[in-house]
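Visitor: here's my sequence, what's the structure:
(one chain, ligands or ions: 1)
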Amino acid sequence: MSSSRIMPEFELLIPQSIKEAVDLLGKLKSKASVMAGGTDVVISMTKGFGSPNVISLAEIPGLDYVEYDSKQGLRIGAMATLQQVADNADVEKHYPALWKSAAINGTPQTRNMGTVVGNIMRASPSGDCCCAILAIGGTIVLRGPEGKREVSIDD
Ligand SMILES: Cc1cc2nc3c(=O)[nH]c(=O)nc-3n(C[C@H](O)[C@H](O)[C@H](O)COP(=O)(O)OP(=O)(O)OC[C@H]3O[C@@H](n4cnc5c(N)ncnc54)[C@H](O)[C@@H]3O)c2cc1C
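Guide: Coordinates of the predicted model:
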């Protein structure tokens, strides 16, 4: 394992739909990483924890939503940035812990690139949004070759 600031070579795959992304993951399995904002993935790569293939979600349309409904609650898309959540008045009013975890997260640069879902999927015990959502409770919607399923954040 190497650790440096030098980016190793990798194949960047840019699917245009969720189905295409799921198919690529099904084919490449552990030889691929998913990338949202890349603020964790890119650093991992320079530290020798990279995959030979990176599947970017950047060009899949419609993943950057932050939607609040008083009955349904809050829905955050896989490409919604930390800054989008910090700028959302409904999140600030109804989910203040989550709002603060996004608003103070990192730097303006990482808030503009990094996502809430990336913070959760990184599964770091020090992840700010991850901890806030664990405290609030919530559900992650997962997609795979066999379809869609919902998993409690506690699991
Ligand atoms: C300078 C700097 C400061 C930072 N400060 C903070 C801080 O104060 N608090 C904090 O909590 N974090 C901090 N971070 C970490 C990082 O910015 C956050 O964890 C961010 O929310 C990650 O989001 P991302 O979209 O960039 O994730 P990525 O790097 O794209 O992905 C992170 C992980 O999640 C996986 N992933 C992402 N999206 C999906 C998906 N849709 N489906 C499946 N897997 C997925 C990736 O494969 C990877 O394992 C900092 C990072 C840097 C570089």
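Visitor: secondary structure class for residue 54?
Guide: Under DSSP: H, G, I helix; E, B strand; the rest coil, residue 54 falls in the strand class.
Visitor: SS state for the closest residue to the ligand within the chain?
Guide: Residue of the chain nearest the ligand, by CB to the nearest ligand atom: residue 118 (2.3 Å). From N, CA and C alone the C-beta is placed, and that goes for glycine too. Look at residue 118: counting by three-state DSSP, its state is helix.
Visitor: find the nearest non-adjacent residue to it, please.
Guide: Excluding its sequence neighbours, the residue lying closest to residue 118 (CB to CB, 6 or more residues apart in numbering) is residue 36, at 4.2 Å.
Visitor: contact partners for that neighbour?
Guide: Each residue near residue 36 by CB atoms under 8 Å, 6 or more residues apart in numbering is listed here: 57, 78-79, 114-115, 117-118, 121.
Visitor: need the contact list for the residue of the chain closest to the ligand.
Guide: Residue 118 neighbours (CB under 8 Å, 6+ apart): 36-37, 39-41.
Visitor: could the residues you listed go into JSON lines alongside pLDDT and secondary structure?
Guide: Below are these laid out as JSON lines (pLDDT from 0 to 100; DSSP: H, G, I helix; E, B strand; the rest coil):
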{"residue": "36", "pLDDT": "98", "secondary structure": "coil"}
{"residue": "37", "pLDDT": "98", "secondary structure": "coil"}
{"residue": "39", "pLDDT": "97", "secondary structure": "coil"}
{"residue": "40", "pLDDT": "96", "secondary structure": "coil"}
{"residue": "41", "pLDDT": "96", "secondary structure": "helix"}
